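Engineer: here's a sequence, model it:
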Amino acid sequence: MKTPYKNIYSLLNQNRFIVWSLVIGSTVTCIVAILSVVKLHRETLNNVLMVNTDGSVIPLKLVSQKENLAVESLSHLDLFHTYFYNIDASNYKKNLEKALWLGNSSVDGLYRQKKFDGVYNRLLQYSLVQKVLKVHSEINLSKEPYPFKTVTRFEINRGTVVDTYELVTTGNMIHVDRNFPKNTHGLLITNFFEKSLKKLNHEN
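Structural biologist: Residues are numbered from 1 along each chain as shown. Modelled structure (predicted):
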């Protein structure tokens, strides 16, 4: 007795089921593998391993990029305002040169204007000492260029008289290549502007 042939359509349906099963299984496997790699990559970015002195491995958490930027930008502003306004007859050239590396042409323009107005000549002529007492900055890091506002309190010692002033400056900051030791934060001040200056009473 001859073995009856299977229905050709049944065979085709069976083969199609097997093929689709393999395709779906492969796709799911690929998706799971990709998700695993992405998760591992994120965990690697957030953790660093270092070797302790005794040879043990210590996991360290990296500070987020946003937190790093906040610290570096505030430090950059503090450094710039200290260099630019903390000056006397002995250090003003050195400090101003350092400050000019931290800002663009808007800073250089202000420096040239002060020089033209005789600010630095008076510093030398009367042996004035301008000392920064406090720098407080606020910066918006939501989008570059980052706008900032800084309040700098400083005093001018004229020998017998010491006056205290509060200066408000504004501007933006952008990223540039780091330049050690001239610009270690890799940030540049732009659109720098001295918004207001007021003399403070001693009780302030």
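Engineer: poorly predicted segments of this structure, please.
Structural biologist: Applying pLDDT under 70 to the chain flags residues 1-7, 9, 11-12, 41-65, 202-204.
Engineer: so where's the longest helix in it?
Structural biologist: Scanning the chain for the helix with the most residues, using DSSP state H, yields helix 8-46.
Engineer: and that one, what does it pack onto?
Structural biologist: Here helix 8-46 touches no other helix or strand, going by 3 or more Cβ pairs under 8 Å, 6 or more residues apart in numbering; DSSP states H and E. Placement of C-beta: from N, CA and C, glycine included.
Engineer: list the buried residues in it.
Structural biologist: By neighbour count with 16 or more other Cβ atoms under 10 Å, helix 8-46 contains no buried residues.
Engineer: do stretch 74-89 as well
Structural biologist: 74, 76-87.
Engineer: strands - which of those land there?
Structural biologist: Taking DSSP state E as the definition of strands, those contribute Ile87.
Engineer: quick one: secondary structure of the most centrally placed residue in the chain?
Structural biologist: Geometric centre of the chain, nearest residue: Leu69, 3.0 Å, by Cα atoms, centre = their mean. What DSSP: H, G, I helix; E, B strand; the rest coil gives for Leu69 is helix.
Engineer: so it sits against Leu141, correct?
Structural biologist: Yes: here Leu69 reaches Leu141: they are 5.8 Å apart, a contact under Cβ atoms under 8 Å.
Engineer: give me the neighbour count for the closest residue to Ala70 other than its chain neighbours.
Structural biologist: Spatial nearest neighbour of Ala70, chain neighbours left out: Leu141 (6.2 Å); criterion: Cβ to Cβ, 6 or more residues apart in numbering. Residue crowding around Leu141 was assessed by other Cβ atoms under 10 Å; the count is 14.
Engineer: Leu141 falls within a helix, correct?
Structural biologist: No: counting by three-state DSSP, Leu141 falls outside a helix, being coil.
Engineer: residues in contact with stretch 90-102?
Structural biologist: By Cβ atoms under 8 Å, 6 or more residues apart in numbering, the surrounding residues in contact with stretch 90-102 are 76, 79-80, 83-84, 86-87, 107-108, 111, 120, 123, 179, 182-183, 187-189.
Engineer: mind checking which of those are in helices?
Structural biologist: Per DSSP H, the subset of the contacts of stretch 90-102 in helices is His76, Leu79, Phe80, Tyr83, Phe84, Val107, Asp108, Tyr111, Tyr120, Leu123.
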